[in-house]
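*Asks:* Only the shape, not the letters, is given here:
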């Protein structure tokens with residue numbers, strides 16, 4: 001079992017930046033690929049970014065490419081999502097997720113095994 005706790009959300013103006021963190025506990029963090037998803041009110045949860053266990057590969061949804069960066073620190077059991085040039089359409093609850101198949105990138109939420117509780121990101125125009 002892996003427990004995931006997100007932090008770093010908040011209210012920011014358009015064009016601003018936030019860095020989300022997701023701290024993992026319970027199992028060896030480097031055994032898992034990690035992903036970030038988000039869910040806006042009234043919308044389906046959508047994939048944002050993913051990273052393999054070694055950080056050798058990353059993948060982003062087109063709408064955040066060039067603005068968001070996923071990274072991880074296996075020594076600190078933490079995955080990050082640096083979000084720059086934020087837009088109002090980035091407003092959502094952001095979730096991190098862990099995947100046991102650590103060497104593969106996955107963009108479907110059903111491919112992840114553990115989830116955090118989410119952190120709210122609100123971007124004002």
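*Replies:* Perfect, I can see it now. Owing to the predicted nature of the structure, the values given are computational and were not obtained by experimental measurement.
*Asks:* residues contacting the residue nearest the centre of the chain?
*Replies:* Centroid-nearest residue in the chain, with CA atoms, centre = their mean: residue 36, separated by 2.3 Å. Residue 36 is in contact with 20, 22, 48-50, 70, 79, 81, 94-97, counting by CB atoms under 8 Å, 6 or more residues apart in numbering. C-betas here are computed from N, CA, C, even on glycine.
*Asks:* Now for residue 44, how many residues are close by?
*Replies:* When neighbours are defined as other CB atoms under 10 Å, residue 44 has 8 of them.
*Asks:* Please apply the same query to the one 4 residues further on.
*Replies:* Residue 48 is surrounded by 25 other residues when neighbours are defined as other CB under 10 Å.
*Asks:* Which residues are in contact with it?
*Replies:* Here residue 48 is in contact with 35-38, 60-61, 64, 68, 81, 94 (criterion: CB under 8 Å, 6+ apart).
*Asks:* next one: residue 84
*Replies:* Here residue 84 is in contact with 17, 67-69 (criterion: CB under 8 Å, 6+ apart).
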